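Visitor: Quick one, what's the 3D model for this:
(2 chains)
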Amino acid sequence: MESSRFILSMLVKNESGVLTRISGLFARRAFNIDSLSVGETENHLISRITISARGDDYIREQIVKQLMKLVDVITVELMDLENTVLRELLLVKVRFEKGELTELMQAISVFRAKVIDLTSNTATLELTGQASKVTAFIDFLKPYGITELCRTGITAIGRGEHILNNNLKEKM
Amino acid sequence: MTGAQIIIETLIEQGIDTVFGYPGGAVLNIYDELYKASGRIRHFITCHEQGAAHAADGFARSTGKTGVVIATSGPGATNLVTGIATAYLDSSPLVAITGNVGQSLIGKDSFQEVDITGITMPITKHNYIVKDVEKLADIIREAITIASVGRPGPVLIDVPKDIQTAKCEFVPKGKAPPSGAAEISDEAVKSAIELIGQSKKPYIYAGGGVVIADASKELLEFADKIDAPIGLSMMGLSAVPGDHPRNLGMSGMHGRYAASKMLFESDLIVAVGTRFSDRATGCKISFSRGRKILHIDIDPAEIGKNIPAYVSVIGDVKAVLKKLNLQLEKTSRPDWKSEIDAVKYSPENEIPSSGNALPPQYVIESVRSFMKDDEIAVTDVGQHQMWASQFYRLGNPRTFITSGGLGTMGFGMGAAIGACIANGKKRTVLFTGDGSFHMNLNELATAVTNNLPLIIVVMNNSVLGMVRQWQTIFFDRRYSNTTLQRKTDFVRLAEAFGAGGYRAESKEAFDAALRKAFDTDGPVLIEAVIDSDEKVLPMIPPGGTIDDIILRG
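Guide: From the prediction side, this is the model:
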């Protein structure tokens, strides 16, 4: 069985401890999380979580089933990557020498990043895109000297008519 | 009403009439309400919160009703942890209510403060910390439902002290109706029937789910329909009467030869209400090689978790078996039956008794001869547990209470007390070992206080027998810390607690002690002195197959 990346989208009750239950479940069952992002939805009682993880078919199936057993989990879906829009936000601060700014600005334009703060020797940049694009941008910036960066982790949403809460569990 | 009152009123409303527990600073208000409600709800205090948790578990296992345990914050709560984990691993419906320090003190490392919801998250189906008294009643109702619905399990509710004293209106709601199980897929049932139809040598492997779902009758009907033998996991032992012709006994590491042998000879395993523990399967690859698995279970996450299923039917096993029984044609498999009988009556399937003065097999069988089919046997964990599993001929479902998944030494005393109380103080026997008994023997006091007709058979081999057996076989007889050299006088110990005590070194003395014990109303301890080198056989070493089975010592 092939081990590859997969994306889980879930709706959970917006209550304290829910994130601990979910991350604890991954730890306890020895499943690894690559990234996790969470935020309240349009309904303040419900949060949406996107998890990026790696594993074979066995792990995927077990993760979904075990997550579904948690009382606070309303729905879990293994996203169909062909039909899902994936985005990640990067904030990164780079140092540059005099004379490097023009080259940097060109790259920023190619990657469609934004400059959100600038000093005489540092630039703080914002980039949204697929994880691979974010990684490529980081690789490009490394030689300049990255002083700090943060990635939000992947967020995902189905294309078109595909709506996650269409198959709400009867938990609510 | 105050939060404390709401707790008691909601428990009563939901049909809880018995709770176990131990008072303390953070549950004083709850205990005050218990005092006032003493005519409507019974409370049993144990010597240690662990004993209370096991008692609530024993109560639940022997009746199917939800067991409830109350403990104070901090050490009271942490003392429940082993009991909660034990219930979790064996899918026993348990609700634990803990007090906690007031909310203003939470997070300040206050006296007797512990994050018990954090600690118990991986060993509960769900848990709560109550932060609003308005939600308290519904949380308790929901907790009781979650504990018993679907695959049962423990739920913990942590109630800070200020919630217990806060007031709000209590709106009675009545007992929650039993919620319907998930619908059974007709397609899955059809596939299951096709698979059974293709099989020449089906084997039914039944587990604790059959006992929990009260599906013994349906299981036997199913076995008759498809003409298959039944092997049992330890948790499933009471699902089928011990002397039923289809029952091959326990399979797995210390199972009967025929039960394991026929499993490996089968071409289809119909696994009902079981989760394929490593102790039951041995080598997982060989287990499913050359045969197909039809897995029936209420928990979808169990399908394919340990053993891949060829076909699975998800649902309450009683309902699934009923559906299958309705649609299955009665089949006869004379060739398979004669193959089974040949093994069943072969010398390999006999477990010879040792020639010692008081063999373990004799102890178990002799106790059984005094007991009725509806009386309950409880075990601790170790060699005596395996001997009981092998030699105690089971009568009715729910009459064999044992810690399977977690294998909790010290489980027995509390569980036996809980089971005895749950069944109107009916005669209950605890099989224990000197190792397990030493862990929680304090609960003798609880048995004496309540004058429970509990017979405690301590099989004393002066060693930690199961570990010693592994040291003998796998560690070249290096008996590290298993030769106990304790000087405990069990008879005087029992008497000091106020129980009867007898010691037996021979068959005759043991029978004489049993006669006296079964004539006594209150608790009696019998020390059965057995040889240190008695072994549990047969044994399939961990990760092994039927080809690795050790039959003789």
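Visitor: max-length helix in chain A?
Guide: If you go by DSSP state H, chain A has its longest helix at helix A:57-69.
Visitor: So is it next to chain B?
Guide: Yes: under the criterion of CB under 8 Å from any CB of the partner chain, chain B is reached by helix A:57-69 at A:58, A:61-62, A:65-66, A:68-69. The way it works is simple: take the backbone N, C-alpha and C, and place the C-beta from them, glycine included.
Visitor: helices or strands next to that helix in the packing?
Guide: strand A:4-13, helix A:18-28, strand A:46-55, strand A:73-78 (3 or more CB pairs under 8 Å, 6 or more residues apart in numbering or on different chains; DSSP states H and E).
Visitor: now the angle from that helix to strand A:46-55?
Guide: 160 degrees (axes from the mean of the first three to the mean of the last three CA atoms, to 10 degrees).
Visitor: Tell me which residues of helix A:57-69 come out buried.
Guide: A:59-69 (16 or more other CB atoms under 10 Å in any protein chain shown).
Visitor: Is it possible to get CSV of those that adds pLDDT?
Guide: Formatted as CSV, the buried residues of helix A:57-69 follow (pLDDT from 0 to 100):
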residue, pLDDT
A:I59, 93
A:R60, 94
A:E61, 94
A:Q62, 94
A:I63, 95
A:V64, 95
A:K65, 95
A:Q66, 96
A:L67, 96
A:M68, 95
A:K69, 95
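Visitor: Please name the nearest non-neighbouring residue to B:Y502.
Guide: Among residues not flanking B:Y502 along the chain, B:A513 sits closest, at 3.7 Å (CB to CB, 6 or more residues apart in numbering or on different chains).
Visitor: Next secondary structure after the helix or strand containing the one you found?
Guide: Using DSSP states H and E, B:A513 sits within helix B:507-517. Heading C-terminal from helix B:507-517, the first helix or strand you meet, by DSSP H and E, is strand B:524-529.
Visitor: Restricting to C-alpha, output the longest strand seen in chain A in PDB.
Guide: As assigned by DSSP state E, the longest strand anywhere in chain A is strand A:84-95. In PDB, the C-alpha atoms belonging to strand A:84-95 read as follows (Å, rounded to 0.1, in the frame of the first residue of the first chain):
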ATOM      1  CA  THR A  84     -10.700  20.400  -4.100                       C
ATOM      2  CA  VAL A  85      -9.100  23.800  -3.900                       C
ATOM      3  CA  LEU A  86      -6.200  23.800  -1.500                       C
ATOM      4  CA  ARG A  87      -4.600  27.000  -0.200                       C
ATOM      5  CA  GLU A  88      -2.000  27.900   2.300                       C
ATOM      6  CA  LEU A  89      -1.000  31.300   3.600                       C
ATOM      7  CA  LEU A  90       2.700  32.200   4.200                       C
ATOM      8  CA  LEU A  91       4.100  35.100   6.100                       C
ATOM      9  CA  VAL A  92       7.800  35.400   5.800                       C
ATOM     10  CA  LYS A  93      10.400  37.900   6.700                       C
ATOM     11  CA  VAL A  94      13.600  38.100   4.700                       C
ATOM     12  CA  ARG A  95      16.800  40.100   5.100                       C
END
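Visitor: Adjacent strands (with direction) for that strand?
Guide: Strand A:84-95 has its sheet partners listed here by DSSP bridges as strand A:122-129 (antiparallel), strand A:146-151 (antiparallel), strand A:155-158 (antiparallel).
Visitor: if I pick the residue positioned nearest the centre of chain A, what's in contact with it?
Guide: For chain A, the residue nearest the mean C-alpha position is A:I154 (1.5 Å; CA atoms, centre = their mean). By CB atoms under 8 Å, 6 or more residues apart in numbering or on different chains, A:I154 lies in contact with A:7, A:35, A:37, A:50, A:52, A:86-88, A:131.
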